[in-house]
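[1] I'll drop the sequence and a predicted model, then ask my questions.
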Amino acid sequence: MLTDDYRKGFWLTLAGVLAFTPDALLIRLSAVDPFTLACGRGLMAGAVLLLGYRISVSGGFARALRLLGGWGILFAGLQACASLTFYASFSYTSVANVLVIFACTPLLAALFSRILFGEAVSRSTQIAIVCVTGGLIIVASGSLQSGQWIGDLLALSNAAILGLSFAIVRGRRQFNMIPAVVLGLLVAGTIGAFLQSFLRWMRCSGARLFSAEPFCCHWLLR
């Protein structure tokens, strides 16, 4: 029999997926480089979450971060990396590929939960992992032919980072991870602002070390 917590988690997950899918299309349609997206969305989302946290939770924000310890710092770093890789992936592959690869995030989270915290992985989840692996191979084979493998690799990195993040949230569910989410978003926004300013300076100075592509790893990997 399903518990109230399970039902709540199911409906929250469904709402998140429904909100996430059109968001991915809007990111592509905006035609904005990933660093600008990371800066604007990271800083604004972090500020809104921080405000909401201060209003709804008693106690200091810094104290809450200290209580999370090393896991909180790791989670914040993963949150920042997830934001940057997610936005960058749209510059090098299709929205469909990003969402297909992103769909393997829960399965990666199950694997990380097993490795880090010893949680059992059900037989149905094991079968799903095998099927998803086959789907990823099909996506990767098409991307190698179309030259979209960089974007697919970024999307897969994003899925792995988020999977590890979700495993940490699950394994440390006795703690409120919202402060770490806020820190991660603010860090991602700050990094995005710095890199965007740096690349703009490089272009204005006439330097050719980095291409004018939105993500500099394109130059490094070609």
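    Cool, the structure landed. What you see is a predicted model, and the numbers here were worked out from it, not measured in a lab. Residues are numbered from 1 along each chain as shown.
[2] surely residue 177 meets residue 167?
    No - at 11.9 Å, residue 177 does not count as touching residue 167 under the criterion of Cβ atoms under 8 Å. Backbone N, C-alpha and C define where each C-beta goes, glycine included.
[3] with just CA atoms, put the helix or strand hosting residue 47 into CSV.
    Residue 47 belongs to helix 34-56 when elements are defined using DSSP states H and E. Extracted as CSV, the C-alpha positions of helix 34-56 are listed here (Å, rounded to 0.1, in the frame of the first residue of the first chain):
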residue,chain,number,x,y,z
PRO,A,34,25.0,29.0,-21.7
PHE,A,35,27.1,31.3,-19.5
THR,A,36,24.5,34.0,-19.7
LEU,A,37,21.8,31.5,-18.9
ALA,A,38,23.8,30.2,-16.0
CYS,A,39,24.4,33.7,-14.7
GLY,A,40,20.8,35.0,-15.0
ARG,A,41,18.9,32.0,-14.0
GLY,A,42,21.4,30.9,-11.3
LEU,A,43,21.6,34.3,-9.5
MET,A,44,17.8,34.9,-9.8
ALA,A,45,16.8,31.4,-8.7
GLY,A,46,19.3,31.4,-5.9
ALA,A,47,18.1,34.8,-4.6
VAL,A,48,14.4,33.7,-4.7
LEU,A,49,15.2,30.5,-2.9
LEU,A,50,17.3,32.3,-0.3
LEU,A,51,14.5,34.8,0.3
GLY,A,52,11.9,32.0,0.6
TYR,A,53,14.2,30.0,2.9
ARG,A,54,14.7,33.0,5.2
ILE,A,55,11.0,33.7,5.4
SER,A,56,9.8,30.1,6.0
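[4] next structured bit after the longest helix anywhere in the chain?
    Determined from DSSP state H, the single longest helix within the chain is helix 61-89. Where DSSP H and E defines the elements, the next helix or strand beyond helix 61-89 is helix 95-102.
[5] can I get stretch 87-104 as CSV, trimmed to CA atoms?
    What follows is stretch 87-104, C-alpha atoms only, in CSV (Å, rounded to 0.1, in the frame of the first residue of the first chain):
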residue,chain,number,x,y,z
TYR,A,87,22.8,24.8,-20.4
ALA,A,88,25.9,24.0,-22.4
SER,A,89,24.5,20.8,-23.8
PHE,A,90,21.8,22.6,-25.8
SER,A,91,24.5,24.4,-27.8
TYR,A,92,25.8,21.2,-29.3
THR,A,93,22.9,18.7,-29.6
SER,A,94,19.2,18.6,-30.1
VAL,A,95,16.6,19.2,-27.4
ALA,A,96,15.3,15.7,-28.0
ASN,A,97,18.7,14.2,-27.3
VAL,A,98,19.1,16.2,-24.1
LEU,A,99,15.8,15.1,-22.8
VAL,A,100,16.3,11.4,-23.8
ILE,A,101,19.7,11.3,-22.0
PHE,A,102,18.3,13.3,-19.1
ALA,A,103,15.6,10.6,-18.6
CYS,A,104,18.3,8.2,-17.3
